[in-house]
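Visitor: Here is a sequence together with a model predicted from it:
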Amino acid sequence: MNTADIRADVSGVVAGPVAETPNALHIQSPPGAAWSTINAAEAVPGVMTPLTASAWGPACEMCIRESFYAIGALTKELRKISSDPETCVTAPFYGRMAVRVDFLCKIGDLVPGQNGGSIARDVFGFVPPGYVSNPSYKRLPLVATRYPRSLWSTTKLVRRQRVETDRWWRREIAALPSMNLGQAQRLLQQAVPHFQRMIADHSILVVCAMQPAYEQLAKIAATAGVDPTALVRGHGEHEENVVLEDMWAVSRNRLTLEEFLLRHGYHGPSEGEAISTSWREDPTPVIRTVEQYRSMPDAQAPFADRDQDAAQSRAAERALLAAADGPLGRVKTRLILKFARTYVPMRGVGKVSYLQSIDLIRASARHIGVLLTAADRLDDPDDAFYLTDSEICGSLVSDPTADLRSVVAERRSLRQRYLGLDLPTVWLGQPEATVRQAIDYSDHKELTGIAASPGVVTGRAVVVLDPSEAEVEDGDILVAYTTDPAWVSLMFLSQALVVDIGGLMSHAAVVARELGIPCVMNTGIGTKALQTGDTIRVDGSAGTVEIVHRSAHDEGEG
């Protein structure tokens, strides 16, 4: 595809039978705006379907604005979601969701004790070129009153939502097979705004507590020469830990596969994309991993060394307090430590609620697709994902004369073209899409990234693009573009993680620290420069990946 073809595809309007429908997968950027797909790609990897874009677009916009409004850094006017591309802070480009980093930097400077550059670096691994932090205290009075109130109320709210959403998800998943079209449409109409609310409240906690808690802990730990990961490991129940321990329990016949899927079946590869297949629909990846776990000795059970972790944590805490500046310094240190141990593990709590909501979007849309296929209006149940949520629940589907097949065919073709394009992970203004081409990285001897979890290991690299098809053995080094909770069972088998995109608060980084394994984030080209079978040395403290030996496969085929 040449440049002219690419521009024709992204004019903002899909041609043909849906000419009046805006392209849900691409917009034009304001000049000079700084964008990043890094954090968004963790949640919504790859090129979205129109249904996914119609749910995630408002959700991303809402979660950023609500988060900074909740802590007092954003005005009521800026809290409002706008459809104007000039003022939006999230947007799709060639089917990939992106976040406007320059906006976050400016707002981050309004949060006392933080700066926009730190937020951009930790969340996106990228600070816009030329950006100079300019912290301001002009909204301090409002932040001082709203911040604690929002933190307290949202913490209780997210924990309650976790329980209520789980009950709702279980009930509706069980009821769906017997639903008619109208009932399934009503469920989808409930699931989309519920998902948007869940991710907004989750994001409030990320901005209010999780990101600043780890940042402050890292600062005082660096001053004391203490590893911050040792201070928080084993404190609080991470949701990913529960998935891992339950999967191990299945391998030991202490839990049935059916019960595991009832608890965790909403997970699956690319779980932020509605068209993907969850574990409850296809448990093959779970069964394969369970069989691997069966061959492992009991001594290798997840978190079997909790006593050792606890001892290391106590030693790190003593060193941290010893380095504090007097009695007041020790009080401050204890408060920061308690704050971090309370909120860093909560990263997965709100995530479960919005992932279960996405699974209800997935389930209801797929069921609607089954019904429309049976009615001879679609050719395949998954065609439903090429309609937006308003179209599925509105006049397009309700009108028996509407040509759904033409709409789906046009959008499938557009998405297929986007899948053949590469985008930079960060850019200014309009991104330059390029036709995907193979690039020779054989001359690379070392990759650099963000030091996300300490330790040094050498082992066999396994490049994984789809966790449902992965063949990771105990002790391998997992190399991925990005990860989500569906990857945690593979992470447990790995002795280190190397990830293309992300920062210190990215999913892989948080899980690596909890597992106590080295992790290098944001290498940019790890999945392209490395091949399965390469011997690599991962230094999670320095943020480097050394290629010790290229695999025989690579040497033989060039």
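Guide: Now that the structure is in, tell me what you want to look at. Keep in mind that this is a model prediction, so the values were computed, not measured.

Visitor: where does the stretch 451-558 of the chain dip in pLDDT?
Guide: Across the stretch 451-558 of the chain, the ranges flagged by pLDDT under 70 are 553-558.

Visitor: quick one: the helices in it?
Guide: Along the stretch 451-558 of the chain, counting by DSSP state H, counting those that start in this stretch, helices occupy 488-493, 507-515, 526-529, 552-557.

Visitor: all helices for the stretch 151-300 of the chain, in order.
Guide: Using DSSP H, counting those that start in this stretch, the helices of the stretch 151-300 of the chain run over 181-205, 211-224, 228-232, 239-251, 257-264, 284-294.

Visitor: Rebuild the helices of the stretch 451-558 of the chain as a markdown table, extending it with mean neighbour count and distance to residue 457.
Guide: Just so you know, the C-beta spots here come from the backbone N, C-alpha and C atoms, and that holds for glycine as well. Listed next are these as a markdown table, based on neighbours: other C-beta atoms under 10 Å; distance: least, C-beta to C-beta, whole Å:
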| stretch | mean neighbour count | distance to residue 457 |
| --- | --- | --- |
| helix 488-493 | 24 | 13 |
| helix 507-515 | 26 | 12 |
| helix 526-529 | 22 | 15 |
| helix 552-557 | 10 | 21 |
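
Visitor: how about those, which one is nearest residue 157?
Guide: Proximity to residue 157 (C-beta to C-beta) singles out helix 507-515 among the helices of the stretch 451-558 of the chain, at 21.6 Å.

Visitor: so what secondary structure elements neighbour that closest one?
Guide: For helix 507-515, the packing partners by 3 or more C-beta pairs under 8 Å, 6 or more residues apart in numbering; DSSP states H and E come out as helix 239-251, strand 450-453, helix 488-493, strand 496-499, strand 519-521.

Visitor: could you say what helices and strands the lengthiest strand in the chain packs with?
Guide: Across the chain, the longest stretch assigned as strand under DSSP state E is strand 456-464. Applying 3+ C-beta pairs under 8 Å, 6+ apart, we find strand 456-464 packed against strand 477-480, strand 496-499, strand 535-539.

Visitor: at 7 Å instead, please
Guide: In terms of contact count using 3 or more C-beta pairs under 7 Å, 6 or more residues apart in numbering; DSSP states H and E, strand 456-464 is assigned the packing partners strand 477-480, strand 535-539.

Visitor: Indicate each strand paired with the shortest one and its parallel or antiparallel sense.
Guide: Right, strand 477-480. When pairing is defined by DSSP bridges, strand 477-480 lines up against strand 456-464 (parallel), strand 496-499 (parallel).

Visitor: Send me that strand as CSV with only the CA atoms.
Guide: Written as CSV, here are the backbone C-alpha positions of strand 477-480 (Å, rounded to 0.1, in the frame of the first residue of the first chain):
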residue,chain,number,x,y,z
ILE,A,477,12.9,-15.4,29.7
LEU,A,478,9.6,-14.1,28.4
VAL,A,479,9.8,-11.4,25.7
ALA,A,480,6.5,-9.7,24.9
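
Visitor: Distance from that strand to the middle of the chain?
Guide: Put simply, strand 477-480 sits 17 Å off its chain's centre (C-alpha atoms, centre = their mean, to the nearest Å).

Visitor: do the same with the longest one
Guide: Relative to its chain's centre, strand 535-539 lies at 25 Å (C-alpha atoms, centre = their mean).

Visitor: So residue 213 sits against residue 345, correct?
Guide: No - in this structure, residue 213 is not within contact of residue 345 by C-beta atoms under 7 Å, at 10.3 Å.

Visitor: Would you state the strands of this structure in chain order?
Guide: 34-36, 90-93, 96-100, 421-422, 426-428, 434-435, 446-448, 450-453, 456-464, 477-480, 496-499, 519-521, 535-539, 544-549.
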